[in-house]
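Q: Quick one, structure for this:
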Amino acid sequence: APDRPGLDAAVTMRLSPRTCGGWPTKTPLASSSASSSFSKSLIEVSDKAEEFAAIKQIARDRIFNAPRKTELEIYGRNVIWRIMNGLMPVLDDLERCGWDVTRLSPYHQQLVRAFHLDLEGIDTPYDAVHALTDFVSGMTDRYAVKVADMLGA
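A: Residues are numbered from 1 along each chain as shown. Here you go, the predicted structure:
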């Protein structure tokens, strides 16, 4: 197999006990032609396939589509929406201020302090949205609800 296979010559890899600098190294397991002929999941070909199918159906019926889970999903999406909409004006203001955090409006500076927003080094709209998504993705559910409530968005 080539050292760096392209997309057409992909090689299925597995971790080897050999290490390089403390990290496992990859060694070829099978060529792409051998792996491409196997089109089913391991569960589908397992001797427990029927049991797995039953478990999957129960999960779909009783867990994934349960009314309480659906309610929580909707609530969670709305919390994230309120946070994003509540903090986007800070990023818009930051762009208007030439990416200078010290020139933000007093209210936006207050939000930066209240939520410990790290806006240093942001100098493009992409960086700004990336920072916001990092901020939101790192929140616990409880903290996200608190932030959404504080923003009142």
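
Q: ok, so what distance separates the closest residue to Ile43 other than its chain neighbours from Ala66?
A: Among residues not flanking Ile43 along the chain, Phe52 sits closest, at 4.8 Å (C-beta to C-beta, 6 or more residues apart in numbering). (Glycine included, C-beta is placed from N, CA and C.) Noted for Phe52: a distance of 20 Å to Ala66, by C-beta to C-beta, to the nearest Å.

Q: Between the two, which has more neighbouring residues?
A: Phe52 (14 against 11; other C-beta atoms under 10 Å).

Q: Run a quick check on that one versus Leu42, I expect a contact.
A: No. Using C-beta atoms under 8 Å, Phe52 is not in contact with Leu42, being 9.9 Å away.

Q: residues shared between the contacts of those two?
A: With C-beta atoms under 8 Å, 6 or more residues apart in numbering applied, the contact sets of Phe52 and Leu42 do not overlap.

Q: What is the burial count for Ile122?
A: Neighbours of Ile122 (other C-beta under 10 Å): 20.

Q: what about it, is that helix, strand or coil?
A: coil (DSSP: H, G, I helix; E, B strand; the rest coil).

Q: If we ignore the residues flanking it in sequence, what's nearest it?
A: Ala128 (5.1 Å).

Q: Name the residues of the helix or strand hosting that neighbour that are buried.
A: For Ala128, the host element (DSSP states H and E) is helix 125-137. By 16 or more other C-beta atoms under 10 Å, the buried positions in helix 125-137 come out as 128, 131-132, 135.
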